[in-house]
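Sequence and predicted structure, then a few things I'm wondering about:
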Amino acid sequence: MNFKYGAKMMKKHKYEKLIDDYLFGNLNKEKKEEFEQHYFNYPSCFKKLKDREEFISIIKNTPDLFFHDLDIKNKSKKELFFKRITTFFTPRQWAAATISTALFLIVVFNIIPNIKTPSSQFSLDSNAVRGRSIAIISDTAPSHLKWKSMGENIEYTISIYDNQLIWEDTTSENSISLPDEVYAQMTPGVKYFWQVKAYSQEGTLIAKSSRTQLTLINK
Amino acid sequence: MKKTFSQSELKEIVKEYRPIVSFRVRKSLGTHIPDWEDVVNEIMVNTLEKIKNGKFRGDSSIGTFIYTITSRRIVDFIRRKNKVLQYAPEPSSFPAPYKHIENKERSKFVAKYLENLNPKYREIIYLYYYKELTRQEVAEIIGIAPRRVSERANYARKLLKKMMKK
C-alpha cells in the first residue's frame, strides 16, 4: 500500500521553508492549516518537521551545553551595534572607503585652501561672463587699490566694508586711490574688506572679486 | 465509491499516522494538558471506525481525511474544556519544556558536534532558534541580509547533521 503519495515530487521546498515559522507559531491561520494538511499527506515532510522540533527542543532546553563560550551571548547592545557597523562592509570595501576618505580629506584640507590663496582672486557669479577673472594686486593697508584690468570699456565699482558699507566709488581704471577722509576713518588693526565689481558698458555685471581682507597696520 | 482496507493496511495507517496525529494534538493543546494522549487515541479509533464504515471514499487523500478528523476533534476538545474552565487551555510554549526532554544524552551528543561548528553558525543557531529572534532582528545584529539568516541556519543544520553522521 502506498501512503507516500509521491511526496518527493511535491513542492517540498515551499513547505520546508515554513517549518521554523510553524514551530514558532508565526504562521497565520490559513498558512498553518495548509502546512498541517501538507505534513499529514507527506510523511517525509513530517519527519523533517519532527527532526527540526527535536533540534530546537535540545537547543532550547540545554543552552549551557551549546552556547557557554559564545561571544555574542555576553555582548551588550552597544557592542552588537558596533559589530554591525564594522561588518557592514567587507574588508575590501573598507579599504576602498578608507582610501576615498583619505583622498577627500586631502582635497578638502590641502588643495582647496591652496586654491583659495591668494585671496585676491576674482570669483565669477552667475551674472558674470564665465572664464574671465581679474586679480587684485594691492596688498593690505594700501593708499590705493589696484586690480587686473579686464579690458577697455569696463567700469569698476570698488567697495569697502567693515560690518557695513563704508565707502563705494566707480572708475574705468584698474586702480583707485583711497580718499583721505576714508583713510582717516579707518582704524589700525580693524579688519576691513574690499571688493571690486566689473560692469560692461550696458551696466551688466561681468565679474566680481571675493571680499578681500584689508587691515591697516599703521597710518 | 466505498474504499476498503485490509487489516494489515489499517495497521499500517495507525503506525504511519499516530506520530503525526500526536504531534498535531500536542502542538495544538500543549503538553501540559494531561488528556492529550487520550485525544490521540480517540482520533485513531474514530479514524478506523470511519474507514471500516465506509466513510472514507477516497475523494481526498487518507492524510487529508485524518487531518480533518484530527482538527475537528481538537476543536471539540477545546470547546468542551471551555465549558468546564473559565478560560481556554493555553498551549504551552513550543517546543516542549525541559521536563519532556527525556534523553539528556542526546543533548550532550549534539553539543559535542555543535562545539565544532564555526562561531558564525553557532551565533545564528543561538539568536534564531534559542532566542527566537526574527530573521530581520538576527540580520541586524549579525550585519547580514535577512535572506542570509535562513541560508546560514539551513547550512548550520546541514553541517551538524553531516558531522553527526560520520
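That came in fine, so what should we check first? All figures in this text were calculated on a predicted structure; none of them were measured in a lab.

only C-alpha atoms for contact and neighbour calcs from this point on.
Fine.

what's the pLDDT at the most centrally placed residue in chain B?
Residue closest to the mean C-alpha point of chain B, counted by C-alpha atoms, centre = their mean, is residue B:23 at 4.4 Å. With respect to pLDDT, residue B:23 has a value of 92.

now it: how far from chain A?
8 Å (C-alpha to the nearest C-alpha, to the nearest Å).

Output the lowest mean pLDDT helix or strand found in chain B.
Sorting the helices and strands of chain B by mean pLDDT, DSSP states H and E puts helix B:104-114 at the bottom, at a mean of 77.

My error: substitute chain A in the last question.
For chain A, counting by mean pLDDT, DSSP H and E, that's strand A:122-123 with a mean of 38.

got the buried residues for the next helix or strand after that strand?
Next helix or strand after strand A:122-123 toward the C-terminus (DSSP states H and E): strand A:144-146. Across strand A:144-146, burial judged by 16 or more other C-alpha atoms under 10 Å in any protein chain shown covers A:145-146.

Each with direction, which strands does strand A:144-146 pair with?
Strand pairing for strand A:144-146, determined by DSSP bridges: strand A:175-177 (antiparallel).

next helix or strand past the strand it pairs with?
In N-to-C order, the element after strand A:175-177 by DSSP H and E is helix A:180-185.

send the alpha carbons of that next one over as CSV?
In CSV, the C-alpha atoms belonging to helix A:180-185 read as follows (Å, rounded to 0.1, in the frame of the first residue of the first chain):
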residue,chain,number,x,y,z
ASP,A,180,41.9,110.8,2.7
GLU,A,181,38.6,111.1,4.5
VAL,A,182,38.0,107.3,4.1
TYR,A,183,41.6,106.6,5.1
ALA,A,184,41.2,108.8,8.1
GLN,A,185,38.0,106.9,9.2
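
Just the CA atoms of the helix or strand following it, as CSV, please.
Counting by DSSP H and E, the next helix or strand C-terminal to helix A:180-185 is strand A:191-199. Output of strand A:191-199 as CSV, limited to C-alpha atoms (Å, rounded to 0.1, in the frame of the first residue of the first chain):
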residue,chain,number,x,y,z
LYS,A,191,39.5,94.2,9.7
TYR,A,192,38.1,95.7,6.6
PHE,A,193,37.1,94.1,3.4
TRP,A,194,37.1,95.5,-0.1
GLN,A,195,35.6,94.2,-3.3
VAL,A,196,35.7,95.1,-6.9
LYS,A,197,32.8,94.6,-9.4
ALA,A,198,33.3,94.9,-13.1
TYR,A,199,30.4,96.2,-15.3
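
Output the contacting helices and strands for the very next helix or strand once past strand A:191-199.
Toward the C-terminus, strand A:191-199 is succeeded by strand A:205-209 as the next helix or strand (DSSP H and E). Contacts defined by 3 or more C-alpha pairs under 8 Å, 6 or more residues apart in numbering or on different chains; DSSP states H and E place strand A:205-209 against strand A:122-123, strand A:191-199.

worst average pLDDT in the ones you listed?
Lowest mean pLDDT within the helices and strands packed on strand A:205-209: strand A:122-123, at a mean of 38.

Go ahead and confirm residue B:56 touches residue B:63.
No. Taking contacts as C-alpha atoms under 8 Å, residue B:56 lies outside contact range of residue B:63: 11.0 Å.

in what helix or strand does the residue nearest to the centre of chain B lie?
Using DSSP H and E, residue B:23 sits within helix B:7-29.

which secondary structure element contains the nearest residue to residue A:45 once chain neighbours are set aside?
Once flanking residues are discounted, residue A:45 sits nearest to residue A:39: 5.6 Å by C-alpha to C-alpha, 6 or more residues apart in numbering or on different chains. Residue A:39 is part of helix A:29-41, with elements assigned from DSSP H and E.
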